[in-house]
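# missing the sequence, but the structure's below:
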């Protein structure tokens with residue numbers, strides 16, 4: 001079996017520190033060359049079933065959500081927050097900078113958790129990291145649930161929406177950051193803000209992605 005590299009060392013070896021384009025208050029360990037790292041991850045880690053390096057990039061929806069929280073700190077200030085599929089930890093960091101009482105950031109990729117921890121340390125904030133799959137658990141006991149860039153494929157979108165509905169029913173406020181991906185549940189969303197977000201051109205179809213922050217509303221039948 002291919003030995004698993006140390007996640008922290010792997011992140012450090014394959015990234016450099018950059019300011020987030022749409023939230024320059026935040027610095028992250030990010031990949032310079034998207035295609036090169038994607039290929040390296042597939043070659044080195046794909047054989048042992050690890051996901052692509054989503055943690056190495058500042059995705060459009062996450063940047064929009066981070067910007068919104070920094071500009072509207074009352075959204076999370078003094079509240080408990082759950083950041084779903086945290087990736088680099090960008091949104092969780094923004095929530096802590098905006099004054100959240102506590103943040104739990106989850107991701108099933110151990111490399112994402114290593115990246116999020118490094119980025120947490122880099123930005124001088126602290127939050128809880130969880131490697132459990134939240135979609136297999138009851139909704140979190142959080143006042144605000146944050147989801148960025150998660151509606152990119154149908155099976156994932158279906159599962160996330162069902163889980164988010166449970167969170168709504170339990171009393172959480174659910175915010176979504178997204179550049180309008182295919183499986184975004186538009187009929188359930190209220191737009192709170194829209195931004196033109198600079199992104200990695202090798203990952204997206206344009207260098208600037210019009211991205212929005214939405215609030216998820218309960219289904220009409222609820």
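Arrived safely. Worth saying up front: this structure is predicted, and the values here are computed from it rather than measured. Numbers count the residues shown, from 1 in each chain.
# C-terminal to the helix or strand of the chain with the lowest mean pLDDT, what's the next element?
When the helices and strands of the chain are scored by mean pLDDT, DSSP states H and E, helix 34-45 comes last with a mean of 69. Note on helix 34-45: by DSSP states H and E, the next helix or strand toward the C-terminus is helix 60-71.
# what's next to that next one, contact-wise?
With contacts defined as C-beta atoms under 8 Å, 6 or more residues apart in numbering, helix 60-71 is touched by 20-23, 25-26, 75-76, 87-88, 90-91, 93-95, 97-98, 146, 148-150, 175-179, 181, 192-195, 197-199, 204, 209, 211-213. The C-beta positions use only the backbone N, C-alpha and C, and glycine is treated the same way.
# stretch 121-138 now?
Stretch 121-138 is contacted by residues 17, 26-29, 82-84, 86, 89, 92-93, 95-97, 102-108, 110, 113, 116-117, 120, 140, 159-160, 163, 166 when judged by C-beta under 8 Å, 6+ apart.
# just the buried ones out of those, please.
Buried residues within the contacts of stretch 121-138, counting neighbours by 16 or more other C-beta atoms under 10 Å: 26, 28-29, 82-84, 86, 89, 92-93, 95-97, 102-108, 113, 116-117, 120, 140, 160, 163.
# what are the phi and psi values at residue 213?
phi -110, psi 130 (degrees, to the nearest 10).
# relative to residue 134, how far out is the residue nearest the centre of the chain?
Nearest to the geometric centre of the chain sits residue 86, at 3.8 Å (C-alpha atoms, centre = their mean). Distance, residue 86 to residue 134, by C-beta to C-beta, to the nearest Å: 11 Å.
# coming back round to it: take the contacts of helix 60-71 and keep only those in strands.
Of those, the ones assigned to strands by DSSP state E are 20, 23, 25-26, 146, 148, 175-178, 192-195, 197-198, 209, 211-213.
# quick revisit: any quick PyMOL command for the buried ones out of the contacts of helix 60-71?
To isolate the buried members of those in PyMOL, using 16+ other C-beta under 10 Å:
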select buried, resi 20+22+23+26+75+76+87+88+90+91+93+94+95+97+98+146+148+149+150+175+176+177+178+179+192+195+197+198+199+204+209+211+212+213
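# okay, now the unreliable bits of this structure?
Residues of the chain meeting the criterion pLDDT under 70: 1-3, 34-35, 38, 41-50, 202-205, 221-222.
# the longest helix in it is where?
helix 154-169 (DSSP state H).
# so for it, what gets flagged as buried?
Of the residues in helix 154-169, those buried (16+ other C-beta under 10 Å) are 157, 160-161, 163-165, 167-168.
# what sits up against it?
Against helix 154-169 from outside (C-beta under 8 Å, 6+ apart): 82, 84, 134-135, 138-140, 142, 145, 147, 150-151, 174, 182-185, 188, 216, 218-219, 222.
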